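here's my sequence, what's the structure:
(chains A and B)
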There are 2 protein chains.
Amino acid sequence: MPSHPFSVVALDVGGTKIAGGLVTYPEKGARPDVSRPVSVPTDAARGGAAVLDDMVEVARTLIAQATCPVIGIGADTAGVVDPETGSIAYANQIMPGWTGRAVARRLASEFDLSAANMGDVHAHALGEARWGAACGLHSCLMVGIGTGLGGAFVLDGKVLRGFRGAAGHIGHTLHHLACDLPCACGGASHAETVTSGTALCARYQGKSFGDELDPSCMGAEIARRAETGDERAAEAIEFAGDALGQAIGSWCNILDPEAVVLSGSVVNAGPRWRYALEQGFQRQALTPLSDTRIIEGALGASAPLIGAAENLLDSIDASAKE
Amino acid sequence: MPSHPFSVVALDVGGTKIAGGLVTYPEKGARPDVSRPVSVPTDAARGGAAVLDDMVEVARTLIAQATCPVIGIGADTAGVVDPETGSIAYANQIMPGWTGRAVARRLASEFDLSAANMGDVHAHALGEARWGAACGLHSCLMVGIGTGLGGAFVLDGKVLRGFRGAAGHIGHTLHHLACDLPCACGGASHAETVTSGTALCARYQGKSFGDELDPSCMGAEIARRAETGDERAAEAIEFAGDALGQAIGSWCNILDPEAVVLSGSVVNAGPRWRYALEQGFQRQALTPLSDTRIIEGALGASAPLIGAAENLLDSIDASAKE
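As a prediction, the model looks like this:
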């Protein structure tokens, strides 16, 4: 571990934006601080090479702004990231030419610094596990519910990456309420199609998962309407909450985490959603798991940046031991 | 690690029988050998105290038969086993008074030897991971399909026990083909109700999951009839294989194991079942997971005994490090 204080340049790359910041570790054992937040559009359709070039430029800007030594670059990105190399093992066609991109290697060689890359949901969970809502827990299942549904399992402070880097795709698990609904991944009957923000909106708007939706009426607005007597809104909120709760019970029956950490925009869908979720969970979780705590993430948008920085520190530690 | 050769008394306790044997480690790095197999009925209705007394007697018999030093007792049992203490954290009413039973402590004090206890499915998976079909793999998901459906995830040679010892209950995960079917656990829509041997028989016999079944026509016999032109048998076999394959795809989307290891009596349901399973798997597994190997266990009934012995060795190692 380098001497404090030091900073890590953190980059969080999703389909819509590249977010970045300096994650600074002021002293041993103290929670890192995120400063100099920056965000540029990903503009994914330009392709993976252009996105990686932009990552380099965001990193350059942040390095120039640092006021203490920058020890490396921690990135997290959309797509399945190879756990060994930090390259993109697989990405769908939303970002053409992203598959195969050697993200960590490029960042390292560009700045002659240590660099690491991991999946964005994995980084989010690692941040919450190391310094957020799941800090100090034996294990947690992070459930991210926004436009889609993603997750990550953390055990003893380490994210389960999977053999191919593809672990945690809880959105693509079977769900009886999604019977035969086609999923964006090519499968069918998946949890994402009945629990995500998109699924909630589609149900309220009387549409199917995958249809074009009216963007003026999304999650928080539907929750608001549910509280002011809109019965259709209430039904959609309760259905989505119950469906997610049942799915969480099902996942806990496999993983038995100490706690479940919720994050993402749908977490703001109000008490009616939350109540339905708890009821759904109790319906499906095995008796010995019924006391599993379901809590909310504490770090918000800083979580993936902190997680990406922690992953970089882990990779430096691992190199030192070799 | 003690000096070779040495033996571990292994006890495998299910709802119907207590199986035991001597697991002997002839030399460093060599596969252990299981000898002196013994089996007595569990007779679970007598209650947990009587079952534990019988475990002690089986262990006593095996210790007397050992021809090299016995270094301890490795047990695995039905029920949820506390990962810290080896006591029964939770068991259903099939074995009254089993919950709370201090299995490892009793075995240790009775013989003044090291003792450890773990869940039976966890032990099975550990055996296959250390010395069987999954030996040397990064990770595996063991899927046990007999009367019921159980499983265990092994990463880097360690079983995921879970915070409460309850990890791996893959039978109690949501399945769209089981929509609203009641499960023995109290939940509903669970994979066990459409994929297990019981589910296969119920379907072939035109009954519901949970109904009394004709025991003269179970898994292998249904498979045989399917191959000789019984269309109803073929349909039941294909349905169960497809349902299990889809569920395996779903679990792999969470865990991303290097391989899936199948064990249990239903594995003998023939090529028609196996083909349906593979097709079902490909339908639900995400693209980067499509090359996940699905293999069969190699150790049979020795797997849990070897796993329980390995767990005992792990606990001795852990004590030595403290």
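
all the strands of the stretch 1-150 of chain A, in order from the start?
Assigned by DSSP state E, counting those that start in this stretch, the strands in the stretch 1-150 of chain A fall at A:6-13, A:17-25, A:33-41, A:70-77, A:80-81, A:88-90, A:114-119, A:139-145, A:149-155.

now those as a markdown table including mean pLDDT and mean neighbour count?
Placement of C-beta: from N, CA and C, glycine included. As requested, the strands of the stretch 1-150 of chain A are exported to a markdown table (pLDDT from 0 to 100; neighbours: other Cβ atoms under 10 Å in any protein chain shown):
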| stretch | mean pLDDT | mean neighbour count |
| --- | --- | --- |
| strand A:6-13 | 98 | 28 |
| strand A:17-25 | 97 | 23 |
| strand A:33-41 | 97 | 15 |
| strand A:70-77 | 98 | 28 |
| strand A:80-81 | 98 | 28 |
| strand A:88-90 | 96 | 21 |
| strand A:114-119 | 98 | 28 |
| strand A:139-145 | 97 | 28 |
| strand A:149-155 | 98 | 27 |
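
do you know which of those strands lies nearest chain B?
Among the strands of the stretch 1-150 of chain A, strand A:88-90 comes nearest to chain B, with 4.0 Å by Cβ to the nearest Cβ.

possible to save the strands of the stretch 1-150 of chain A as CSV with distance to residue B:107?
CSV is the format used below for the strands of the stretch 1-150 of chain A (distance: least, Cβ to Cβ, whole Å):
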stretch, distance to residue B:107
strand A:6-13, 49
strand A:17-25, 47
strand A:33-41, 51
strand A:70-77, 47
strand A:80-81, 45
strand A:88-90, 46
strand A:114-119, 43
strand A:139-145, 28
strand A:149-155, 28
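
select, out of those, the one closest to residue B:162.
strand A:139-145 (7.6 Å; Cβ to Cβ).

right, is that closest one up against chain B?
Yes - counting by Cβ under 8 Å from any Cβ of the partner chain, chain B has neighbours in strand A:139-145: residue A:139.

how's chain A carved up into domains?
As assigned by automatic domain parsing, chain A contains the domains A:6-126+A:301-321, A:137-296.

closest residue of the stretch 51-200 of chain A to chain B?
residue A:162 (2.5 Å).

residue contacts, that residue?
Residue A:162 makes contact with A:83, A:168, B:139, B:255-257, according to Cβ atoms under 8 Å, 6 or more residues apart in numbering or on different chains.

tell me how far it lies from residue B:252.
9 Å (Cβ to Cβ, to the nearest Å).

ditto for residue A:170
12 Å.

excluding its backbone neighbours, what's nearest residue A:243?
With Cβ to Cβ, 6 or more residues apart in numbering or on different chains as the criterion, residue A:243 has its nearest non-adjacent residue at 4.3 Å, and that residue is residue A:194.

quick check: closest non-adjacent residue to the residue in the stretch 201-322 of chain A that chain B sits nearest to.
Nearest to chain B in the stretch 201-322 of chain A, going by Cβ to the nearest Cβ, is residue A:256, at a distance of 2.5 Å. In this structure, residue A:256 finds its nearest non-sequential neighbour in residue B:162, 2.5 Å apart by Cβ to Cβ, 6+ apart.

the one you found - that's part of a strand, no?
No - under DSSP: H, G, I helix; E, B strand; the rest coil, residue B:162 falls outside any strand and is assigned coil.

give me the distance between it and residue A:267.
According to Cβ to Cβ, residue B:162 and residue A:267 sit 25 Å apart.

ditto for residue A:126
Separation of residue A:126 from residue A:267 (Cβ to Cβ) stands at 19 Å.

the two: who's more crowded?
Each of residue A:126 and residue A:267 has its neighbours counted (other Cβ atoms under 10 Å in any protein chain shown); residue A:126 has more, 31 against 19.

for that one, give me its contacts.
Counted by Cβ under 8 Å, 6+ apart, residue A:126 has contacts A:118, A:152, A:154, A:159, A:306-308, A:310-311.

what are the buried residues along the worst-scoring helix or strand of chain A on mean pLDDT?
The helix or strand of chain A with the lowest confidence, counting by mean pLDDT, DSSP states H and E, is helix A:219-227 at a mean of 87. For helix A:219-227, a neighbour-count test (16 or more other Cβ atoms under 10 Å in any protein chain shown) marks A:219, A:222-223, A:225-226 as buried.

what of stretch A:255-265?
Those would be A:255-264, for stretch A:255-265 by 16+ other Cβ under 10 Å.

what about that stretch, how long is it end to end?
For stretch A:255-265, the first-to-last residue distance is 24 Å (Cα to Cα, to the nearest Å).

need the mean per-residue confidence for that stretch.
The predicted model assigns stretch A:255-265 a mean pLDDT of 97.

residue A:82 contacts residue A:166, correct?
No - when contacts are counted by Cβ atoms under 8 Å, residue A:82 is not listed as touching residue A:166 (10.1 Å).

more neighbours, these two?
Using other Cβ under 10 Å as the criterion, residue A:82 and residue A:166 rank with residue A:166 on top: 27 against 19.

pull the contacting residues for the residue of the stretch 201-322 of chain A closest to chain B.
Counting by Cβ under 8 Å, 6+ apart, residue A:256 makes contact with A:139, A:289, A:292, B:160-168.

ok, residues contacting stretch A:35-47?
With Cβ under 8 Å, 6+ apart, stretch A:35-47 has contacts from A:13-22, A:24, A:50-51, A:54, A:58, A:61-62, A:65, A:94-98.
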